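Engineer: sequence below, structure please.
(chains A, B, C and D)
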2 protein chains.
Amino acid sequence: MQATIKDIAKATGFSVATVSRVLSNKKGFFSEKTAAKVNQVAKELGYKKNMSATELVTKKSNVIAALINSTKTNFSDSIIKGIQDKADELGKTVIILYAGDRDARAQKKALTTALERSVAGILLLSVDLSPENLTLLKSARTPFYFISITFQDTALPCITSNDHGIGYLATSYLIRQGHRRIGLAGLDFSDSYTGKLRLAGYQAALAENQLSAHSEWVQAGDYSYEAGIAALDAYAQNSELPITAVIAGSDMVGIGILNRASALKIPVPQKLSIVTIDGTDLCRIVQPPLTSVTQDFYKMGYVGLERLLENAAGITYTQSELTERKSVLAVKK
Amino acid sequence: MQATIKDIAKATGFSVATVSRVLSNKKGFFSEKTAAKVNQVAKELGYKKNMSATELVTKKSNVIAALINSTKTNFSDSIIKGIQDKADELGKTVIILYAGDRDARAQKKALTTALERSVAGILLLSVDLSPENLTLLKSARTPFYFISITFQDTALPCITSNDHGIGYLATSYLIRQGHRRIGLAGLDFSDSYTGKLRLAGYQAALAENQLSAHSEWVQAGDYSYEAGIAALDAYAQNSELPITAVIAGSDMVGIGILNRASALKIPVPQKLSIVTIDGTDLCRIVQPPLTSVTQDFYKMGYVGLERLLENAAGITYTQSELTERKSVLAVKK
DNA sequence: CTGAAAGCGCTTACAG
DNA sequence: CTGAAAGCGCTTACAG
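Structural biologist: This is a model prediction of the structure:
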């Protein structure tokens, strides 16, 4: 049997009230001497607080649930690191819950788990809730905050990169390097608002330079490695590539493009420059290392938790920056 | 205010006891009619069970805590997927807790969190507990089980790959391909028992073929990308490589070796064959894709949870297999 | 099939 | 600084 506060009370001769006070460190409500004795006995008995009881009576919790989806995009590591660091500063504890991959059942289960334990708040990392689950979440009184996902519904509180800015940044960078025929590959333009925004940023940058995208330059996809392969195959249909540079919707797309190009003997960056979006560690372990628009995932997590706890509304943007590596060639104009 | 069982009792005219029975589905203790009414009202009120109260009174929990460490090795995804799938089958819910990276404080915090919530069991994925934390874990009455980590102390219950077998398998495969001078790189032979076992397997395979390792063939490391770079630099000190093939301690080590070789114009596999240990998705996104000894991480998670719940003792091994890709060249003997 | 009552391990006004 | 007591939301023998 786990020792309880009662056991300690009995052993020390104090009341459970006093024991409770020292154990939860209610300063000013006990003497040093009392504390020493109680803590000592608690240690001897291997006492461990029963959080269920505490949460039941205080009706609050210091745990934050972070729901993650199980897709292979591995930038969530950085986000979680950011959340964890902030949580440590604040004395919160975070539990991570898998919410499946666009699986409404799994989402609901994770959500219910969080809600039933009356956590202090829910962070949703790139999880695109089904309509019912969104309703469920909203109807609960638990604060929530989305991270790394952009909604059309601007009423949802979230922190994310400025996706329009990302598209614009990548494109204008390539233009400055002298490129004129620039592709955009591997993004989802129908289900994903993110994709639409990045496309708009891309088009804006082109327009600003009196350029406009040929339809064959833009290859939709699902942000996966395979989407990168498919995109390159589409570009390589004719002996001459229609583009001199391409923006990949994710690191995995970029790597897919890179590898397929290598298989087809298209040298990167000599014949094709690549800028990828995300900028995770993956960029540096391929050859050539991929130049990227790098998102600040760590910060998303760190300030995401902050925002959640201050009950912030609306969208907060996190800064993205261009990281030059070796996959872009400057061409003379 | 969250609706409670009491509110439902009031609204339906039943007692809290009856409401509790239908809500926790104690078959045979209520009529269909009662159930219908209670469930209906529960739904209207947006009732959500307070798990703290339930756990407090039943003194049991159906949650499993999975402690993970924050190193970059990303095979934990597969392990967690395995755990999650098994948990779903069993109706358990799993919460994931970060236990830092060989950080005793973070470990303790994660452990305490799990223990204070009196979870049904604790799974530790590749987390190498400090001695005090191990004592803490053992002294609690909570069942625990290690995954993907090998101890010298065989009394600790765990599921993992047979590390001796892995070293042996990789080495004997390369020998069968005609290699005679085979390196081993990026493993830790001092802190990590895993490293020692793999080394022993490597030596056993060599010995079986009347070969023995030159000391310069074996380059220690910490399983990281940088360790791979360093290992290749060590091998490449002289104009001629001392080896024709190398076994990398992890996928990241393998990629480090590969990239450094490419930078130094050492063609893989023509001048250097590589077999890597782990076999995660990373192996297929580099060029050439890396032949690997592939560990069955998914299964580790899946049966790990099973074992935990049946309170199994001792070590369970999971099967590893050789996956041929493009990084090994067969040489004529 | 249903209800009254006790109790899980804690916290916290209230009174001293 | 300390204690007695009520109560958090549930479950479950016990009695009908």
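Engineer: distance from the chain centre to stretch A:293-313, please.
Structural biologist: Using C-alpha atoms, centre = their mean, to the nearest Å, the mean C-alpha position of stretch A:293-313 is found 9 Å from that of the whole chain.
Engineer: pLDDT on stretch A:23-35, on average?
Structural biologist: Stretch A:23-35 shows a mean pLDDT of 86.
Engineer: which residues are contacting it?
Structural biologist: For stretch A:23-35, contacts defined as C-beta atoms under 8 Å, 6 or more residues apart in numbering or on different chains pick out A:5, A:8, A:14, A:18, A:21, A:22, A:38, A:39, A:42, A:47, A:49, A:54. Heads up, the C-betas are built off the backbone N, CA and C, glycines and all.
Engineer: check those residues against chain B, which are close?
Structural biologist: residue A:49 (C-beta under 8 Å from any C-beta of the partner chain).
Engineer: buried subset of the contacts of stretch A:23-35?
Structural biologist: Buried subset of these (neighbour count, 16 or more other C-beta atoms under 10 Å in any protein chain shown): A:5, A:8, A:14, A:18, A:21, A:22, A:38, A:39, A:42, A:47, A:49, A:54.
Engineer: which helix or strand contains the last one?
Structural biologist: What that stands for is residue A:54. helix A:51-58 (DSSP states H and E).
Engineer: that helix and DNA strand C, are they touching?
Structural biologist: Yes. On the criterion C-beta under 7 Å from any atom of the strand, helix A:51-58 is in touch with DNA strand C at A:53, A:54, A:56, A:57, A:58.
Engineer: buried residues in the one helix or strand residue A:205 maps to, which are they?
Structural biologist: Taking DSSP H and E as the definition, residue A:205 sits inside helix A:193-208. With burial defined by 16+ other C-beta under 10 Å, the residues of helix A:193-208 counted as buried are A:193, A:194, A:195, A:196, A:197, A:198, A:199, A:201, A:202, A:203, A:205, A:206.
Engineer: ok, the residues you listed vs residue A:165, which is closest?
Structural biologist: Taking C-beta to C-beta as the measure, residue A:165 lies nearest residue A:201 of the buried residues of helix A:193-208, at 6.2 Å.
Engineer: not counting its neighbours along the chain, what's nearest the closest one?
Structural biologist: Closest residue to residue A:201 apart from its sequence neighbours, by C-beta to C-beta, 6 or more residues apart in numbering or on different chains: residue A:167 at 2.6 Å.
Engineer: what parts of the stretch 51-200 of chain A come near chain B?
Structural biologist: Checking the stretch 51-200 of chain A against chain B by C-beta under 8 Å from any C-beta, the hits are A:51-53, A:55-56, A:70, A:72, A:74, A:77, A:80-81, A:84, A:93-98, A:109, A:112-113, A:115-118, A:139-141.
Engineer: quick check: the residue in the stretch 201-333 of chain A that DNA strand C sits nearest to vs residue A:64, distance?
Structural biologist: Of all residues in the stretch 201-333 of chain A, residue A:309 sits closest to DNA strand C, at 18.6 Å by C-beta to the nearest atom of the strand. Note on residue A:309: its distance to residue A:64, by C-beta to C-beta, to the nearest Å, is 8 Å.
Engineer: so residue A:125 bridges to which residues?
Structural biologist: residue A:68, residue A:147 (DSSP bridges).
Engineer: residues touching it, list them.
Structural biologist: A:66, A:67, A:68, A:69, A:76, A:79, A:80, A:147, A:148, A:149, A:301.
Engineer: let's see that with 6 Å instead.
Structural biologist: A:68, A:76, A:79, A:147, A:148 (C-beta atoms under 6 Å, 6 or more residues apart in numbering or on different chains).
Engineer: and the helix holding residue A:205, what's its mean pLDDT?
Structural biologist: pLDDT averaged over helix A:193-208 gives 96.
Engineer: what do you get for stretch A:219-231?
Structural biologist: Here the average pLDDT along stretch A:219-231 is 95.
Engineer: with stretch A:90-99 instead?
Structural biologist: 93.
Engineer: what's the span of that stretch, first residue to last?
Structural biologist: Distance across stretch A:90-99, first residue to last, is 25 Å (C-alpha to C-alpha, to the nearest Å).
Engineer: ok, that stretch near DNA strand C or not?
Structural biologist: No. Shown here: stretch A:90-99 not in contact with DNA strand C (C-beta under 7 Å from any atom of the strand), separated by at least 14.3 Å.
Engineer: buried residues in that stretch?
Structural biologist: So for stretch A:90-99, counting by 16+ other C-beta under 10 Å, buried means A:92, A:93, A:94, A:95, A:96, A:97, A:98, A:99.
Engineer: would you turn these into CSV with secondary structure?
Structural biologist: Below are those laid out as CSV (DSSP: H, G, I helix; E, B strand; the rest coil):
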residue, secondary structure
A:92, coil
A:93, strand
A:94, strand
A:95, strand
A:96, strand
A:97, strand
A:98, strand
A:99, coil
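Engineer: nearest to DNA strand C among these?
Structural biologist: residue A:93 (14.9 Å).
Engineer: which parts of chain A are helices?
Structural biologist: Taking DSSP state H as the criterion, chain A carries its helices at A:5-12, A:16-23, A:32-44, A:51-58, A:76-90, A:104-116, A:131-139, A:163-176, A:193-208, A:225-235, A:251-263, A:297-309.
Engineer: now, of these, which is deepest in the fold?
Structural biologist: Ranked by mean neighbour count under mean count of other C-beta atoms under 10 Å in any protein chain shown, the helices of chain A are led by helix A:251-263, which reaches a mean of 25.
Engineer: which helices and strands does that one pack with?
Structural biologist: helix A:225-235, strand A:273-278 (3 or more C-beta pairs under 6 Å, 6 or more residues apart in numbering or on different chains; DSSP states H and E).
Engineer: now do the longest one against strand A:273-278, angle only.
Structural biologist: So the one you mean is helix A:225-235. 150 degrees (axes from the mean of the first three to the mean of the last three C-alpha atoms, to 10 degrees).
Engineer: what lies in contact with helix A:225-235?
Structural biologist: By C-beta under 6 Å, 6+ apart, helix A:225-235 touches A:185, A:186, A:219, A:221, A:241, A:252, A:253, A:256, A:257, A:260, A:261.
Engineer: cool, and the last one?
Structural biologist: Residues lying outside strand A:273-278 but in contact with it, judged by C-beta under 6 Å, 6+ apart, are A:75, A:166, A:170, A:245-251, A:254, A:257, A:268, A:290-293, A:295, A:327-329.
Engineer: let's see 7 Å
Structural biologist: Strand A:273-278 has contacts (C-beta atoms under 7 Å, 6 or more residues apart in numbering or on different chains) with A:75, A:166, A:170, A:173-174, A:179, A:244-251, A:253-254, A:257-258, A:268, A:283, A:290-293, A:295, A:327-329.
Engineer: just stretch A:102-118 next, same as before
Structural biologist: A:55, A:61, A:65, A:67, A:97-100, A:122, A:127-130, A:132-133, A:136-137, A:140, A:142, B:48-52, B:93.
Engineer: does any bit of it sit next to DNA strand D?
Structural biologist: No. Residues of stretch A:102-118 contacting DNA strand D under C-beta under 7 Å from any atom of the strand: none, with a closest distance of 8.6 Å.
Engineer: what's the overlap in contacts for residue A:309 and residue A:64?
Structural biologist: residue A:121.
Engineer: what sits closest to residue A:11 if chain neighbours are left out?
Structural biologist: Per C-beta to C-beta, 6+ apart, closest to residue A:11 is residue A:41, 4.9 Å.
Engineer: per-residue confidence for that neighbour?
Structural biologist: Reported pLDDT for residue A:41: 90.
Engineer: next: residue A:72.
Structural biologist: 56.
Engineer: where's residue A:166 relative to residue A:39, distance?
Structural biologist: Distance from residue A:166 to residue A:39, by C-beta to C-beta: 53 Å.
Engineer: ok, residue A:263 next?
Structural biologist: 66 Å.
Engineer: before we move on, what about residue A:147?
Structural biologist: 39 Å.
Engineer: repeat that for residue A:137.
Structural biologist: Taken as C-beta to C-beta, the span from residue A:137 to residue A:39 is 41 Å.
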